[in-house]
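>>> Fold the following and give me the result.
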Amino acid sequence: MTTARDLITATLKDCGAVGVGQTPSAEDANDALIRLNAMLAQWSRRRWLVYHLIDVVFPANGSLSYTIGTGGTINTPRPDQIEAAFFRQVVGVPGNQVDYPLTILNSREDYNLIALKALASFPECLFYDSGYPLGNVYIWPVPSSLYEVHLSIKAQLQSFPTLDTVLNLPPEYEEALRVNLAIRLRISYQLPPDPALNALAKVALNTIKNSNTQIPTLRMPSDLVRGGGYNIFSDQGN
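Numbers count the residues shown, from 1 in each chain. Below you'll find the model as predicted:
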């Protein structure tokens, strides 16, 4: 089992900070651990570096918005964005409930164009305000307790609380972590760029990208498909 200490020792050798047969100092190992966790935090925000999405489910209760994040109404690590969403009618025969997609509004400006934000009816769209430390999920029209909401968000990549934490990621991540961390460590040790190391890092990231890429099927906007539709904005369609 590969630990953070094993990974960092190999990385320090790759970047030229530690020689063959040498052991990193405690200070060097801990500094590298900080940079490793910082790099993983960055990777967790890039869809193509995250190996799967998770389905976060919460019951609607008639609220205009729901907080999301650790300790929020939706108690899950705060996402940077919502990748997709749908709602489900919880009434009916178990296992035969119907799911309905929610259109994602990409900006506060779009959400502000909704004239009657407290309208309670059949939900159509979702806006995510990525506040910190808690974000806010707005669903419109406002759904009642007859529905539950499903959010697709990026899973959080593993972090390493200690040097003895065991690596728990798909196998292809180990090489990518090692060589990309080595590039960052060369900068911190004020060493010149290593073209061979840069090439290895690029190949390793491309391998992950090719494994994780999922391209949704292109769909026409509902207004164009149906030849019309209910307009959620007050100043359009006049």
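>>> how much space between the residue nearest the centre of the chain and Val91?
Nearest residue to the geometric centre of the chain (CA atoms, centre = their mean): Lys154, 3.0 Å. According to CB to CB, to the nearest Å, Lys154 and Val91 sit 31 Å apart. The way it works is simple: take the backbone N, C-alpha and C, and place the C-beta from them, glycine included.
>>> Do you have the strands of the chain handy? List them.
Taking DSSP state E as the test, the strands found in the chain are 53-59, 65-68, 84-89, 99-101, 103-105, 125-129, 135-140, 147-154.
>>> Which of these sits closest to Val166?
strand 53-59 (21.3 Å; CB to CB).
>>> Report the buried residues of the closest one.
Residues 56, 58 are the ones in strand 53-59 that count as buried (16 or more other CB atoms under 10 Å).
>>> quick revisit: next, format the strands of the chain as a markdown table and append distance to Ala17.
Listed next are the strands of the chain as a markdown table, based on distance: least, CB to CB, whole Å:
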| stretch | distance to Ala17 |
| --- | --- |
| strand 53-59 | 36 |
| strand 65-68 | 40 |
| strand 84-89 | 43 |
| strand 99-101 | 50 |
| strand 103-105 | 44 |
| strand 125-129 | 41 |
| strand 135-140 | 39 |
| strand 147-154 | 32 |
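>>> ok, the residue nearest to the centre of the chain touching Leu49?
No. Assessed by CB atoms under 8 Å, Lys154 is found out of contact with Leu49, at 9.1 Å.
>>> which residues sit in contact with the residue nearest to the centre of the chain?
Lys154 makes contact with 44-45, 47, 50, 53-54, 79-80, 83, according to CB atoms under 8 Å, 6 or more residues apart in numbering.
>>> try 10 Å this time
Neighbouring residues of Lys154 by CB atoms under 10 Å, 6 or more residues apart in numbering: 43-47, 49-54, 77, 79-83.
>>> And it, how far from Gln42?
From Lys154 over to Gln42 the distance is 12 Å, taken as CB to CB.
>>> what sits in contact with each of those two?
Common neighbours of Lys154 and Gln42 (CB under 10 Å, 6+ apart) are Leu49.
>>> picking that back up, now the contacts of Lys154: which count as buried?
43-44, 49-50, 79, 82-83.
>>> Show me the protein divided up by domain.
Here the domain assignment for the chain is 4-48+158-208, 53-154, based on automatic domain parsing.
>>> Could you point out which of these sits nearest Ile215?
domain 4-48+158-208 (10.7 Å).
>>> so where is this protein shaky, pLDDT-wise?
Counting by pLDDT under 70, the chain contains low-confidence ranges at 92-93, 218-238.
>>> where do the helices sit along it?
4-14, 26-43, 108-112, 172-188, 195-212, 222-226 (DSSP state H).
>>> Asn136 is nearest to which of those?
Proximity to Asn136 (CB to CB) singles out helix 108-112 among the helices of the chain, at 10.4 Å.
>>> okay, that closest one in CSV with CA atoms only?
These are the backbone C-alpha positions of helix 108-112, laid out as CSV (Å, rounded to 0.1, in the frame of the first residue of the first chain):
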residue,chain,number,x,y,z
ARG,A,108,-27.2,35.3,-10.5
GLU,A,109,-28.2,37.6,-13.3
ASP,A,110,-30.3,34.9,-14.8
TYR,A,111,-32.0,34.1,-11.5
ASN,A,112,-32.7,37.8,-10.9
